[in-house]
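In: give me a model of this one.
(2 chains)
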Amino acid sequence: NAGVMQNPRHLVRRRGQEARLRCSPMKGHSHVYWYRQLPEEGLKFMVYLQKENIIDESGMPKERFSAEFPKEGPSILRIQQVVRGDSAAYFCASSPPTAYSSYNEQFFGPGTRLTVL
Amino acid sequence: LAKTTQPISMDSYEGQEVNITCSHNNIATNDYITWYQQFPSQGPRFIIQGYKTKVTNEVASLFIPADRKSSTLSLPRVSLSDTAVYYCLVVGAGSYQLTFGKGTKLSVIP
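Out: Now for the predicted structure:
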């Protein structure tokens, strides 16, 4: 059973370009989460998605950032008109569907390291 | 959200037992204590989770006193491969937003 897959592992963009980060959850997992980690910091929650639905995007910057998890294919985190401050590691995690009262262990991918020049 | 406080860094020699303590004074009744491990250039990996007393698995033990205001992650006989950042998280039952602090950077010395 393959783990969470993310690609690309490294992405370099110039200021003003678009960045597209992809995440394929573990088999059988229908919940996807995106986190951002700045250098020397812990991970910060960005968005929680289920298939074709954004459940919680309270951690997403209001502008330039968007996420989707289509019926078919990977989840995409899209950053438009990137700036230097967007340089960070972006991690995707997935979890299986469970009852509300249960703790969902989240399985993390290896991350995409975005560098904005 | 309960805030957690843990040491920024720790050093240990190979073969020793390492104990990392985390304080979470404002933990709520339905919160669980969870620890993740992160190696350089990798995503965090779940290690252990507990609610009270003691939990043990093949990787670590977690000790939680009766007042639950702190917890201690115990790694038996560490090796060089245990060098990583260890995060203590307080997670509400059913919650999906994981809040990571800066963690404890453990360096294992040969």
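In: near chain A, which residues of chain B are found?
Out: B:32, B:34, B:41-46, B:49, B:87, B:91, B:93-103 (C-beta under 8 Å from any C-beta of the partner chain). Placement of C-beta: from N, CA and C, glycine included.
In: hmm, which of these are the buried ones?
Out: B:32, B:34, B:43-44, B:46, B:49, B:87, B:91, B:95-101, B:103 (16 or more other C-beta atoms under 10 Å in any protein chain shown).
In: and which of those is nearest residue A:9?
Out: residue B:43 (11.3 Å; C-beta to C-beta).
In: from residue B:57, how far out is residue B:73?
Out: According to C-beta to C-beta, to the nearest Å, residue B:73 and residue B:57 sit 11 Å apart.
In: grab the nearest non-local neighbour of residue 93.
Out: Using chain A. residue A:106 (4.0 Å; C-beta to C-beta, 6 or more residues apart in numbering or on different chains).
In: that's the wrong chain, I meant chain B
Out: Counting by C-beta to C-beta, 6+ apart, the residue nearest residue B:93 is residue B:30, at 4.6 Å.
In: so what pLDDT did that neighbour get?
Out: pLDDT, residue B:30: 88.
In: bridged to the most centrally placed residue in chain A, which residues?
Out: For chain A, residue A:34 is the residue whose C-alpha lies nearest the centre (C-alpha atoms, centre = their mean; 3.1 Å). For residue A:34, the beta-bridge partners are residue A:47, residue A:92 (DSSP bridges).
In: dump the residue contacts of it.
Out: Counting by C-beta atoms under 8 Å, 6 or more residues apart in numbering or on different chains, residue A:34 touches A:23, A:46, A:47, A:49, A:67, A:75, A:77, A:90, A:91, A:92, A:93.
In: likewise residue B:62?
Out: Residue B:62 touches B:33, B:35, B:48, B:49, B:50, B:54, B:55, B:56, B:71, B:72, B:73, B:74, counting by C-beta under 8 Å, 6+ apart.
In: ok, how many other residues are close to the third one?
Out: Same thing as residue B:48. Counted with other C-beta atoms under 10 Å in any protein chain shown, the neighbours of residue B:48 add up to 20.
In: name every strand pairing with the helix or strand harbouring it and say which way it goes.
Out: Using DSSP states H and E, residue B:48 maps to strand B:45-50. Counting by DSSP bridges, the strands paired with strand B:45-50 are strand B:31-38 (antiparallel).
In: thinking again about what came up before, what's the closest of the buried ones among the residues of chain B next to chain A to residue B:13?
Out: For these, the residue nearest residue B:13 by C-beta to C-beta is residue B:103; the value is 20.8 Å.
In: go ahead and confirm that closest one touches residue B:87.
Out: Yes. With contacts counted by C-beta atoms under 8 Å, residue B:103 reaches residue B:87, the gap being 4.2 Å.
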